[in-house]
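**Q** Output the structure for:
(chains A and B)
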Amino acid sequence: MADKLVVIGNGMAGIRTVEELLKLAPDAYEITVFGAEPHGNYNRIMLSPVLAGEKTIDDIMLNDEQWYTDNHIRLHKGKTVTRIDRVSRTVITYDGIVEPYDRLLIATGSTPFMIPIPGNELPGVVSFRDIQDVNAMLEASQQYQHAVVIGGGLLGLEAANGLMNQGMTVTVVHIHDTLMERQLDKPAASMLRNTLEERGMQFLMNAQTEAICGNHRVEKVRFKDGKEINADLVVMAVGIRSNIALAKEAGIYCERGIVVNDTLQTYDPSIYAVGECVQHRASTYGLVAPLFEMARVCANHLARHGIGRYTGSVTSTKLKVTGIDLFSAGDFAGNKESEELVFQDAARGVYRKLVVQENRIKGAVMYGDTIDGPWYFDLMRDDTDISDMRENILFGQAHLGDSGHGNDNRVAAMADSAEICGCNGVCKGEIVKAIVDKKLFTLDEVRAHTKASSSCGSCTGLVESILASTVGGDYSVAPHLKPLCPCTEHNHDSIRKAIKEQELKSVRAVMDFLEWKTPDGCSKCRPALNYYLICQWPAEGLDDYQSRFINERVHANIQKDGSYSVIPRMWGGHTTPNELRAIASVAEKFNVETVHITGGQRIALYGLKKAELPAIWKELNAAGLVSGHAYGKALRTVKTCVGQEWCRFGTQDSTHLGIELEKMTWGSWTPHKFKMAVSGCPRNCAEATIKDFGVVCVDSGYELHVGGNGGVKVRATDFLCRVNTEAEVLEYTAAFMQLYREEAHYLERTAPWLERVGLTYVKSRIAEDPDYRQRLAERFRYSQKYMQNDPWAERVEGIDAHEFKPIATFNLNELKRVS
Amino acid sequence: MSAVIQQTSWIKIGEIDDIPRLGARIIETDAGNIAVFRTADDEIFALRDKCPHKDGPLSQGIVHGKKVTCPLHDWKIHLDTGLAVAPDEGCTASFPVKLEDQTIYLLPIADDGNKREVN
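**A** Numbering: from 1, shown residues only, chains lettered A, B, ... in the order given. Predicted coordinates:
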């Protein structure tokens, strides 16, 4: 018999927890849900667009009754639970239903706070919390003219905007002198107020409401200073209070909310609580993102997986008023120790402020152009040292390089036909439609359904902004430390730590030790684990062939028609007539369709049949050509110019240095592809300043540059340091590659890694700490002892022979003829 | 009549150890390649070697659980049904296979009936 799980509260927190639980352990419980409202679960944060007439109630339903039936959940809607009996482990409704539980989940949410003033119960006074409130407001807007909204916060302004859209004259009454003082500073608040005033909204600031007057229905609102204004409808939106009465009566420990630990357990171990009714580490939350994080952790513990902790949320907010882009996160007010970086362009209606303390972002306020909000928010949550980007940070992420997506920053203003994802050809309209139709909340869900931002990822910021402006600002942001993939709760760093400290030496051992949730992982985690293993244990780590992507399995690049391409190594871009003859004869003999010069100074042969690869490699090997690793997350190429050997401007022997670098580094596996270049003078013909590691020769020595790339988002390198000798260049290169190999996440190129950890950190390890640099270089050289075997020669010798021939061949027509 | 019987009889493909665990091999036929997969616990499945998305060769993908990830655009395909894992939609033909002792047999009749993934 499955245990009984009873859920009190049929809202977003409770049902999200149930959904997460069903994913993890569909048969663990017999589930019963009690909801006080007479509906299925709907998206409460979308009530504002409903009020504004932009959406209907049907649009915002998340789980219809069929969903409960399909998942064998008993739903009691319109049934308020009035008592929890912890002794007999039952819950009792107002009309006498008694339901026993083994585990109880309280998700009772919150109620709007009604200011205790005379007249607050008159007809025509409503809050803004549920469908009933919205219906009351919509009805009033049909018959009456004057609406007064008490409260100039997020909710109040959304209500005011909605009512204005419905044709009412709206006055917002606020007790403070600035709007949204919990989220905005004065400049942003006044820009917001100006915009809203232009739209016709009226404001009464510093106004303290004394009474609501009227005989049968609200007629006037009176203030402390004696002033009165006409009102046919009064919306109270001054705040919410956690619904704790039920829990409190049952003797469960409550303060402002029901107090829970990091596993969302209350003081009664069989009772859990999630959502707005909860108080966790002294905080209560009224936004949806924390609630989803809670749901995930709670479900995990209900499913008895027992991993995952909720450690609190840093939240960001956005106003759901059409056409207004506004973003706020963290401590935007600052304190004595903090400083402010401010960008203001009143004519364009753009304002950005970052609160920075010890070179870390502590808070952000943005108005008018919020495209970089998610980026600042990430930097804030990652606690990234921003000292290296202070000069440009206010201009946004695009200005750290050239993003290729130009200035398309105002998502709200974009046409539906605007192409957002260039890789997969996805337009804004398609993304919005998917978010609305399929009820998507997270970036991952949008990626899965639309493919937008799922390839190169350069439009991630745009897609997140569309998500934010479609579902509202408190959409579910990706959790701070993301699990590697759905197979595990562990993140990149914690996995690497376990591999090192527990001396795990095979993919199987890692999965067993870290309790993988799937029997043998997936195509995302297995290649990552395999890389971490061979990086940590070059000598004894088991390189798991089946955990490698096809290109690294067969040492060639798969093409769109299933054929392969092959690129032999040309050390430093240098070649010989003999090599060229070998390539030409292979191209002729095997009918190679395309011969192409690559950007990394190599020659590529395209359209090769997989079965012929070993024969092709054999001929190339005979001329001394080996694998160029153009297929791998590995050292790719070292591009060079001819340098002082020929060039009249050359200052050093750049070609020779490039060849030396390539001889030292070839065969090494890296988190993502790794490209180098050596230019013989500052004219930089080898384009060394858009490589992962670039050397620019100068008369007095060698300048070392790191973290550049061409590609989707061009990023010029950062200057690491200058050295005097070729030997030093080699040592610094080895050390930098090893630091990247050991500390970057799998599939993270040097550019984002560098931006994540900061140039200052990399300098401190490589340029300023000779001991550490030498140890890194030693570890790199040690690893290379095991990596520098030509994989092509190995396969010519017969390794993985099965890979290159069919298991069987038959002719269906012949089979017919035989009979 | 006999032609039909002959055509629908089981064809011997090879031994189970010809395919690496969590790997695949291809059968070449005049009607296109068929991919034969072996899971971690030695189950064998056969699919037409074409992803329903853009014809990617599924035999070259990474096998995990009872699914394969297409090497071209990361679609995941169920090995037992040939259906794309939701939210992607599509289906590739599957072929009946059986294992007798260590020998793999395949029935060369594609099953591409109207299948739909049940969530």
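**Q** Show me the shaky parts of the chain.
**A** Reading this off chain A. For chain A, the stretches with pLDDT under 70 are A:320, A:322, A:398-413, A:457-458, A:472-481, A:814-819.
**Q** not what I meant, chain B
**A** Ranges of chain B meeting pLDDT under 70: B:1-8, B:112-119.
**Q** so how many other residues sit close to A:Ala622?
**A** Residues near A:Ala622, counting by other Cβ atoms under 10 Å in any protein chain shown, number 10. Bear in mind the C-beta positions are built from the backbone N, C-alpha and C, glycine included.
**Q** which one is it nearest to, not counting chain neighbours?
**A** A:Ala582 (7.1 Å; Cβ to Cβ, 6 or more residues apart in numbering or on different chains).
**Q** Okay, and that neighbour sits in which element?
**A** Using DSSP states H and E, A:Ala582 sits within helix A:577-589.
**Q** Check which helices and strands that helix is in contact with.
**A** On a contact count with 3 or more Cβ pairs under 8 Å, 6 or more residues apart in numbering or on different chains; DSSP states H and E, helix A:577-589 meets strand A:603-608, helix A:613-622.
**Q** after the biggest strand by length in chain B comes which helix or strand?
**A** Scanning chain B for the longest strand, with DSSP state E as the assignment, gives strand B:23-29. From strand B:23-29 onward toward the C-terminus, using DSSP H and E, the following helix or strand is strand B:34-38.
**Q** and that following strand, how far out from the chain's middle?
**A** Distance of strand B:34-38 from the chain centroid (Cα atoms, centre = their mean, to the nearest Å) equals 5 Å.
**Q** Which of the three states applies to whichever residue of the stretch 301-450 of chain A sits closest to chain B?
**A** Minimum separation of the stretch 301-450 of chain A from chain B (Cβ to the nearest Cβ) falls at A:His449, amounting to 4.8 Å. Assigned with DSSP: H, G, I helix; E, B strand; the rest coil, A:His449 falls in the helix class.
**Q** Start and end of stretch A:750-763, how far apart?
**A** End-to-end distance of stretch A:750-763: 14 Å, with Cα to Cα, to the nearest Å as the criterion.
**Q** That stretch: how far from the chain's middle?
**A** Its chain's C-alpha centre and that of stretch A:750-763 lie 19 Å apart, by Cα atoms, centre = their mean.
**Q** what's in contact with it?
**A** Defining contact as Cβ atoms under 8 Å, 6 or more residues apart in numbering or on different chains, one finds that stretch A:750-763 is touched by A:382, A:384-389, A:400-401, A:671-672, A:674, A:692-693, A:706-709, A:713, A:715, A:718, A:720-721, A:736, A:739-740, A:743-745, A:748.
**Q** How about stretch A:73-82?
**A** Under Cβ under 8 Å, 6+ apart, the answer for stretch A:73-82 is A:8, A:10, A:18, A:31-40, A:65, A:68, A:91-95, A:97, A:246.
**Q** Generate a PyMOL selection restricted to the buried entries among those residues.
**A** Remark: buried members of those, expressed as a PyMOL selection using 16 or more other Cβ atoms under 10 Å in any protein chain shown:
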select buried, chain A and resi 8+10+18+31+32+33+34+35+36+37+39+40+68+91+93+246
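**Q** how close does the residue of the stretch 451-600 of chain A found nearest chain B sit to B:Gln60?
**A** Per Cβ to the nearest Cβ, the residue of the stretch 451-600 of chain A with the smallest distance to chain B is A:Ser523, at 3.5 Å. A:Ser523 sits 12 Å away from B:Gln60, taking Cβ to Cβ, to the nearest Å as the criterion.
**Q** So which of those two has more stuff around it?
**A** Summary of the neighbour comparison: A:Ser523 and B:Gln60, criterion other Cβ under 10 Å, with B:Gln60 having more neighbours (24 against 20).
**Q** For that one, give me its contacts.
**A** Each residue near B:Gln60 by Cβ under 8 Å, 6+ apart is listed here: A:550, A:558, A:562, B:24, B:71.
**Q** mind running it again at 7 Å?
**A** Contact analysis of B:Gln60 by Cβ atoms under 7 Å, 6 or more residues apart in numbering or on different chains lists A:550, A:558, B:71.
**Q** rewinding a little: burial of the residue nearest to the residue of the stretch 451-600 of chain A closest to chain B when sequence neighbours are not counted, as a residue count?
**A** In space, and not counting its chain neighbours, A:Ser523 is closest to B:Thr69: 3.5 Å by Cβ to Cβ, 6+ apart. Neighbour count for B:Thr69, taken as other Cβ under 10 Å: 23.
**Q** so how far is A:Cys522 from B:Thr69?
**A** 7 Å.
**Q** just to revisit the earlier point, so who does the residue nearest to A:Ala622 touch?
**A** Going by Cβ under 7 Å, 6+ apart, the list of residues near A:Ala582 reads A:619-620, A:623, A:625.
**Q** Could you rerun that using 8 Å?
**A** Counted by Cβ under 8 Å, 6+ apart, A:Ala582 has contacts A:619-620, A:622-623, A:625.
**Q** Wait, A:Asn724 touches A:Tyr702, no?
**A** Yes. The criterion here is Cβ atoms under 8 Å, and A:Asn724 meets it with A:Tyr702 at 7.5 Å.
**Q** Those two: which is more packed in?
**A** A:Tyr702 (22 against 10).
**Q** Could you list everything that one pairs with in the sheet?
**A** Counting by DSSP bridges, A:Tyr702 forms beta bridges with A:Cys697, A:Val723.
**Q** now A:Glu30
**A** The partner list for A:Glu30 in beta bridges (DSSP bridges) reads A:Lys4.
**Q** burial of it, as a residue count?
**A** Residues lying near A:Glu30 (other Cβ under 10 Å) number 16.
**Q** Which residues are in contact with it?
**A** A:2-5, A:72.
**Q** For it, give its distance to A:Ala107.
**A** A:Glu30 is 18 Å from A:Ala107, where distance means Cβ to Cβ.
**Q** what does A:Gly711 give?
**A** 45 Å.
**Q** A:Ile550 too?
**A** Distance of A:Ile550 to A:Ala107, given as Cβ to Cβ: 46 Å.
**Q** again with A:Gly152
**A** Distance, A:Gly152 to A:Ala107, by Cβ to Cβ: 29 Å.
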